[in-house]
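*Asks:* Make a model of this:
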Amino acid sequence: MTDRKISIVAIGGSTRPNSSSELAVRVAAQAAEEAGATLTCITGRDLMLPIYDTETDERTEQALALVDAVRGAHGLLIASPGYHGGISGMIKNALDYIEDLSAEESPYLHGRAVGCIAVAYGWQATVSTLQQIRQVTHALRGWPTPLGATINAATTRFGPDGATTDEAAVTQLRTIGQQVVEFATMRSAQHSSLTGAGQLASTDPTTQ
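*Replies:* Numbering: from 1, shown residues only. Got it, this is the predicted structure:
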């Protein structure tokens, strides 16, 4: 292991504060924190960024904070509401900013575990949204966790503190948070060992 604690970034929500998708990602984030990770949560209206523009390198403070958090993270938790059967524009736009990491020694989400969570009214939209989050994660070279969460907001209701009586949903979310930390810990240990042997010293955020 390295001296750095495992760092996880949680991204999710909608323009409405304390939306179901924001509360869902916070449940997963809490489990990750309990598993020993440090957490940075960027949710709700903090994700209302200008449309990602490839023609300029000018960025708002919020956009810079998001990119910097992802740059230093060992893993991510991403939750999107299902809008018309897919990822919301706000979440997709936030993920587009990861393009700013394309020239890094560990580009995009290389080597990072990503827990994928979809929240929608109806099972059909949850499944299609989850598939899209996984596809984007793959395109960004991330590693989706084995378990992805589909939360049907028509039947699963969260209280303001994230509490819900749907134990199956809680189990899904907490398992994802734990899996992200587990993967990140194993990868960190692996690269620490390789670095100690003088190999691949800069291929993982744990070595930067």
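
*Asks:* tell me the SS of the residue sitting nearest the centre point of the chain?
*Replies:* Residue closest to the average C-alpha location in the chain (Cα atoms, centre = their mean): L77, at 2.5 Å. Classification of L77 using DSSP: H, G, I helix; E, B strand; the rest coil returns strand.

*Asks:* distance of it from G115?
*Replies:* Look at L77 and G115: by Cβ to Cβ, to the nearest Å, they are 4 Å apart. Where you see a C-beta, it was placed from the backbone N, CA and C, and this is true even at glycine.

*Asks:* Give the residues shared as contacts by the two.
*Replies:* Taking Cβ atoms under 8 Å, 6 or more residues apart in numbering as the criterion, L77 and G115 both touch A28, I176, G177, V180.

*Asks:* so when I look at the second one, I'm seeing a helix, right?
*Replies:* What it means is I176. Yes: assigned with three-state DSSP, I176 falls within a helix.

*Asks:* does the closest residue to it other than its chain neighbours sit in a helix, a strand or a coil?
*Replies:* Nearest non-adjacent residue to I176, counting by Cβ to Cβ, 6 or more residues apart in numbering: G115, 3.9 Å away. Secondary structure assignment for G115 (three-state DSSP): strand.

*Asks:* ok so, going back, give me the distance between the residue nearest to the centre of the chain and D68.
*Replies:* Applying Cβ to Cβ to L77 and D68 gives a distance of 17 Å.

*Asks:* Could you do L23 as well?
*Replies:* Taken as Cβ to Cβ, the span from L23 to D68 is 25 Å.

*Asks:* likewise T145?
*Replies:* 23 Å.

*Asks:* of these two, who's got more company?
*Replies:* Regarding T145 and D68, a neighbour count based on other Cβ atoms under 10 Å identifies T145 as having more, with 24 against 14.

*Asks:* can you list contacts of stretch 163-171?
*Replies:* Counting by Cβ under 8 Å, 6+ apart, A24, V27, A149, I151, T155, T156, R157, F158 sit against stretch 163-171.

*Asks:* Thought I78 was touching the residue nearest to I176, still the case?
*Replies:* Yes: using Cβ atoms under 8 Å, G115 is in contact with I78, at 7.0 Å.

*Asks:* higher neighbour count, these two?
*Replies:* With neighbours defined as other Cβ under 10 Å, G115 and I78 compare such that G115 has more, 33 against 27.
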